[in-house]
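# Provided below are the primary sequence and the corresponding predicted coordinates.
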Amino acid sequence: NAGVTQTPKFQVLKTGQSMTLQCAQDMNHNSMYWYRQDPGMGLRLIYYSASEGTTDKGEVPNGYNVSRLNKREFSLRLESAAPSQTSVYFCATKGLYEQYFGPGTRLTVT
Amino acid sequence: GQQLNQSPQSMFIQEGEDVSMNCTSSSIFNTWLWYKQDPGEGPVLLIALYKAGELTSNGRLTAQFGITRKDSFLNISASIPSDVGIYFCAGRGASYDKVIFGPGTSLSVIP
C-alpha cells in the first residue's frame, strides 16, 4: 500500500501562473486535508474534506480552491500563484482519530 | 479560533539526556496527537491520546493528556541522535474532522 501520495514533489511557478497539486490515498479514509508548512509556523490547515462531495475551509483558504474528485483523490488548485504561496504543501488523510501524511510538495513562486 | 502553543521552540541536548516538551491551548481538545517530522518528510504519528489524564508510552516516548484537556506533554528518555527532528502536537476539538497543529519544537541531539 502506498498510503498517501502527492504529485509533483517540486514545482517552480511564476507569479500569476496556475497549477493543481494532486493527492491520492489508498487507505479508504473518508477525511482528507491540505496543509501548508512555513518555517516557524507549523502546519496550517488550508481546506479539508470530511467525505466525498464535501469541502470546508481551514485556517488559511484564501488563494486556493479544492476538489474532492472521489474518495481517493483530493486536489488543491492555485488559480493565480503569488510569492506568499511559496511553501511546502502536505496532504493528509484521517482514520478514526489519527492523520497520515503524504511526503509533501515543495512549491516556489517567483 | 483555536490555537496551540508549544514550548520550548527549540532544544539542544546531549545524547543520553531526557527531553520534555509541552503543548497548551486556550480551548478544550478531545484528542491530542504527537507527531515527529524528519527533514524533507511528512509528519509521522508517534502517540495518540483520547481522554483526560491518559498516560501513554511508545518505547522511550511517553505522553500525557492533561486533566484540564487544554494541555499535553511529551517526554523522550535517553535521547539518541535519530531523535533529531521537529515534534508537533496536534489537537482535535469539537469538530471531529478538524485537527489543529502547534508550531513545533525543534530537537537537536549532540553526540
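Yep, that arrived.
# Can you list the low-confidence ranges for chain A?
Along chain A, the model assigns pLDDT under 70 to residues A:1.
# Looking at it, which residue is nearest chain B?
Using Cβ to the nearest Cβ, A:Phe101 is the residue of chain A that sits closest to chain B, at 3.3 Å. For glycine as for every other residue, the C-beta is placed from the backbone atoms N, C-alpha and C.
# surely that residue meets A:Cys91?
Yes. At 7.3 Å, A:Phe101 counts as touching A:Cys91 under the criterion of Cβ atoms under 8 Å.
# which neighbours do those two share?
A:Val4 (Cβ atoms under 8 Å, 6 or more residues apart in numbering or on different chains).
# Which one of the two is surrounded by more residues?
A:Cys91 (27 against 22; other Cβ atoms under 10 Å in any protein chain shown).
# Residue 75: which element?
In the absence of a named chain, this looks at chain A. Using DSSP states H and E, A:Ser75 sits in strand A:74-78.
# Hmm, no, I was thinking of chain B.
Here B:Asn75 is assigned to strand B:71-76, by DSSP H and E.
# quick one, the following helix or strand past the strand holding A:Ser75 and strand A:74-78 angle?
Once the chain leaves strand A:74-78, the next helix or strand it forms, by DSSP H and E, is strand A:87-94. Strand A:87-94 and strand A:74-78 meet at an angle of 160 degrees, taking axes from the mean of the first three to the mean of the last three Cα atoms, to 10 degrees as the criterion.
# Since that was my last question, I'll sign off now.
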